Structures are given as C-alpha cells and as structure tokens.
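Engineer: based on what follows, work out the 3D shape:
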Amino acid sequence: MGARLTYPEITLAEDRTYIVTGGNGGIGYETAKYIAAHGGRVIIACRSEERADGPDTLNVEFMKLDLESLTSTMEFINAYKAKGYPLHVLICNAGIAFISYTETADGFEKTFQVNYLSHLLLILHLIPLLRTSGPNSRIVMVSSLAHVFGSFNLDNIQGEQSYDRFTFYGHSKLYQIMSMYALDRRLKNTGIGIFAVHPGTVETGLATNNWTESKILVPITHNFLKLFLYVFQSPAIWETLL
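Structural biologist: Here you go, the predicted model:
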C-alpha cells in the first residue's frame, strides 16, 4: 500500500554523454550513478575529485567545476570542449540553499551565482555542442517548488535592499524557470529540449550542510509528505474521512 518508486530498465549508448553538475552527492550522485549503470558516459562536474570517485567499471569522469567562480566555470567549459567529447544531456543539478548573505569573488550574491548565473553561463556556451551532438539533446535544470516564494525585482536582485535566505533561494529557482522558458522559445526546431524539474522533498546535504535548523525541519517535511501520499492513495482512509 502506498507509493512505490519504479525505474525504467534501459540501455544507453556508450558514447551518449551526460554532464551532471554536483554529481558527487545527493540527487546528482543518484542521477549520475543511474546513468552510468545503464551504459552512458557521465562527467561529474564538481569541486572535489575525492568525493567524485566511483567504481572503475563505470564510465564516469571527474572534471573540476566551482560554480562560485565564473573563471572556474569558463575553465570547465573550455576544458570540456578541448576533450572533443559530444554532449547529449546537460543536467544543471548543483546548488546551495539557506545561507547567510555572502558575495562571491565576482561580486554576486552567492545563491544567485551558484544556482542560476553560473549554470546559465554553462548552458549558453555549451548549446552549440548540444546542437551538433545529434537529435534529442537535452538541458535539465533541477529547480524547486520553492520558486513560488520567489519574485523578480531588479532593484533587489543582489540583496541591495534586503536579504532573506529562504526568499533568495526561491528567487534563484524562479530565475531557472524563467530562463528555461526564455531558452525554450529560442531553441525551437534545434533538436534541443530544455526542462526544469521539481525533485520533491529529498533529504540531502543541500540544506543540512548550510542550515542547522533544517536537520529537524527537512525530515519532518519529508515524513509529512509521505503520510499525505499514503492517505491520498488509500481508499479505505478516504472513506473514513468522508
């Protein structure tokens, strides 16, 4: 009784190449592991090579990427192009949440740059490679339902007037969705699909590494949603309630 996860059993071509930002942990790790286990080539783009280590039997490669730095982002882009690999799917997964106000060395509010700006830079520079790598190329942004708490205000986009760590996380996820729509209009008939996904409430290090209180709140929210799904899918309980 209740929800059960299922996964399609497929075989991916060995040369079908995926970049997963933040593929060394959480949702990114599970995504990279699944793709590699089914035959695809995975580039894990993250800061720590040690945390990106995987079994030698899988077609997985680490490339350094620090989204807090536009210089590092451009170095990754140039290094990837120099390898001569195709690129079929770009998964923009890495992110941070609920941090105190911090500026990057580039002068941007940190959540804005890591979650949105550096990923947009990646996308724009890698679109030509996605176009030449064949049909059915894709860009996937891991966004969040938290975008409903965000808004677009150019006067405060960098926290010039006020800053709230929850709201600015929502802003960054809203910007991802806005850029998805903008790019979708411009990528019509190019063979590139672009998507933004809400992964649900997942207990990863995204919040717990940055916000002490979330160690309590995230499990509570996760369990509440599981209970909601159980009630929603149980006819007997619905009959009792109604």
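Engineer: what is the burial count for residue 65?
Structural biologist: The local packing of residue 65 (other CB atoms under 10 Å) involves 25 other residues. Backbone N, C-alpha and C define where each C-beta goes, glycine included.
Engineer: ugh, wrong one, residue 34
Structural biologist: By the measure other CB under 10 Å, the count of residues near residue 34 is 15.
Engineer: ditto for residue 75
Structural biologist: For residue 75, the tally of surrounding residues (other CB under 10 Å) stands at 15.
Engineer: name the residues of the helix or strand hosting residue 71 that are buried.
Structural biologist: Per DSSP states H and E, residue 71 falls inside helix 70-83. Judged by neighbour count using 16 or more other CB atoms under 10 Å, the buried positions of helix 70-83 are 70, 72-73, 76-77, 80.
Engineer: now do that helix: which elements does it pack against?
Structural biologist: Where contact means 3 or more CB pairs under 8 Å, 6 or more residues apart in numbering; DSSP states H and E, helix 70-83 is packed against strand 60-64, helix 118-132.
Engineer: tabulate the buried residues of helix 70-83 (JSON lines), appending distance to residue 113 and pLDDT.
Structural biologist: Below are those laid out as JSON lines (distance: CB to CB, whole Å; pLDDT from 0 to 100):
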{"residue": "70", "distance to residue 113": "8", "pLDDT": "98"}
{"residue": "72", "distance to residue 113": "11", "pLDDT": "98"}
{"residue": "73", "distance to residue 113": "9", "pLDDT": "98"}
{"residue": "76", "distance to residue 113": "15", "pLDDT": "98"}
{"residue": "77", "distance to residue 113": "16", "pLDDT": "98"}
{"residue": "80", "distance to residue 113": "20", "pLDDT": "98"}
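Engineer: and these, which is closest to residue 101?
Structural biologist: residue 70 (19.2 Å; CB to CB).
Engineer: do I have it right that the closest one meets residue 106?
Structural biologist: Yes - using CB atoms under 8 Å, residue 70 is in contact with residue 106, at 5.0 Å.
Engineer: list phi and psi for the residue nearest to residue 59 when sequence neighbours are not counted.
Structural biologist: With sequence-adjacent residues excluded and distances taken as CB to CB, 6 or more residues apart in numbering, residue 59 is closest to residue 41, at 4.6 Å. Dihedral pair for residue 41: phi -90, psi 130, per degrees, to the nearest 10.
Engineer: please apply the same query to the one 5 residues further on.
Structural biologist: Listed backbone geometry of residue 46 is phi -160, psi -180, with angles given as degrees, to the nearest 10.
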